[in-house]
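> What follows is a predicted protein model with its sequence.
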Amino acid sequence: MLPAQSGIYCIEHADSGRVYVGSALNMRGRVELHIRLLSAGNHHSPILQRSWVKYGSDAFDIYVLEIVPDHNRLSTAEQMWIDRLQAVGKNGFNIMPTASRHGSGKGTPASPKYRQRCCNECGQPYQPGRADQFFCVRKCRMDFENRMMTRGRELYSLFMVMRYERGVARMRGVWAIACRLAQGWREEDERERDGRQSWIPAKRALAKFPVTMTVADVYVKQEKFGRAGVR
Ligand SMILES: [Zn+2]
């Protein structure tokens, strides 16, 4: 098992020496994610996925290439290793050359409409086909949404208690409980998702749920006419 440290790792097909090079703030978490995606047949690199299916997980060695404590150096170090081990091209499994280099393979559009982004779920770079695409594959979107649903289920009752059983909520410190829950989830994100945000950012969340617009309107009225209306 890899250390839960920041650095560059390698997934190598032992017989051919063909490699996949990746970087992560938490290499252990990232490699576990690769393995989950590969086992589910959902990995973003089709060539690595095919080899994994063909040869089986035992045919691959996974190891650390370099520990990189300085997060700002991660992508430079990753590029250095990709070049050194020729991880893009016929010796490698990496499909995405870095933003500065183009034309590695077939299927890469000559002039992509949208800039490359990192998937909100797995963190891997991908080429979005739409402005509002935030995940590399459907599986990643489902994982993201399922996590929100599972976590939300825990919060829903706490919130309703705070809103409609105020006495109990105050007495039992429900707000503090909710905050501790949130903190636990944030720490889990730090640990297992390289700190990637696991909720929809405010701007998009507000656009997604029109009801919040109404609440915002009400809030404006409250400010104007005193707090009598909404309590
Ligand atoms: Zn993804």
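Good, I have the coordinates.
> The lengthiest helix in the chain packs against which elements?
Longest helix of the chain, by residue count under DSSP state H: helix 138-164. Here helix 138-164 touches helix 166-172, helix 174-192, going by 3 or more Cβ pairs under 8 Å, 6 or more residues apart in numbering; DSSP states H and E. (C-beta placed from N, C-alpha, C; glycine too.)
> want to throw those helices into TSV with mean neighbour count and distance to residue 39?
Shown next, in TSV, are the helices and strands packed on helix 138-164 (neighbours: other Cβ atoms under 10 Å; distance: least, Cβ to Cβ, whole Å):
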stretch	mean neighbour count	distance to residue 39
helix 166-172	12	42
helix 174-192	14	17
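> so which of these gets nearest residue 16?
helix 174-192 (30.8 Å; Cβ to Cβ).
> And the closest one, what does it pack against?
Packed against helix 174-192, as judged by 3+ Cβ pairs under 8 Å, 6+ apart, are the following elements: helix 138-164.
> Tell me the buried residues in the helix it packs on?
For helix 138-164, burial by neighbour count (16 or more other Cβ atoms under 10 Å) applies to 139-141, 143-144, 147, 151, 158, 161-162.
> pLDDT averaged over it - what is it?
Averaged over helix 138-164, pLDDT sits at 94.
> Let me know whether that helix sits next to the ion.
Yes - counting by Cβ under 5 Å from the ion, the ion is contacted by helix 138-164 at residue 140.
> Also stretch 36-52?
No - using Cβ under 5 Å from the ion, stretch 36-52 stays clear of the ion, with a minimum separation of 6.4 Å.
> Just the buried positions in that stretch, please.
Neighbour-count burial for stretch 36-52 [16+ other Cβ under 10 Å]: 37-38, 42-45, 47-49, 51-52.
> residues in contact with that stretch?
Residues from elsewhere that reach stretch 36-52 (Cβ atoms under 8 Å, 6 or more residues apart in numbering): 11, 13, 18, 20, 34, 53, 57, 59-60, 93-95, 119, 122, 124, 126, 136-137, 139.
> per-residue confidence averaged over that stretch?
Averaged over stretch 36-52, pLDDT sits at 90.
> As CSV, could you dump the C-alpha coordinates of that stretch?
Output of stretch 36-52 as CSV, limited to C-alpha atoms (Å, rounded to 0.1, in the frame of the first residue of the first chain):
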residue,chain,number,x,y,z
ARG,A,36,-11.9,0.9,-7.9
LEU,A,37,-12.4,2.5,-11.2
LEU,A,38,-10.4,-0.1,-13.0
SER,A,39,-12.2,-2.9,-11.3
ALA,A,40,-15.5,-1.3,-12.2
GLY,A,41,-14.4,-0.9,-15.8
ASN,A,42,-14.7,2.9,-15.6
HIS,A,43,-11.1,4.1,-15.8
HIS,A,44,-10.5,7.3,-17.8
SER,A,45,-7.6,5.7,-19.7
PRO,A,46,-9.0,3.2,-22.1
ILE,A,47,-5.7,1.6,-22.8
LEU,A,48,-4.9,1.1,-19.1
GLN,A,49,-8.5,-0.2,-18.7
ARG,A,50,-8.1,-2.7,-21.5
SER,A,51,-4.8,-4.0,-20.2
TRP,A,52,-6.2,-4.3,-16.7
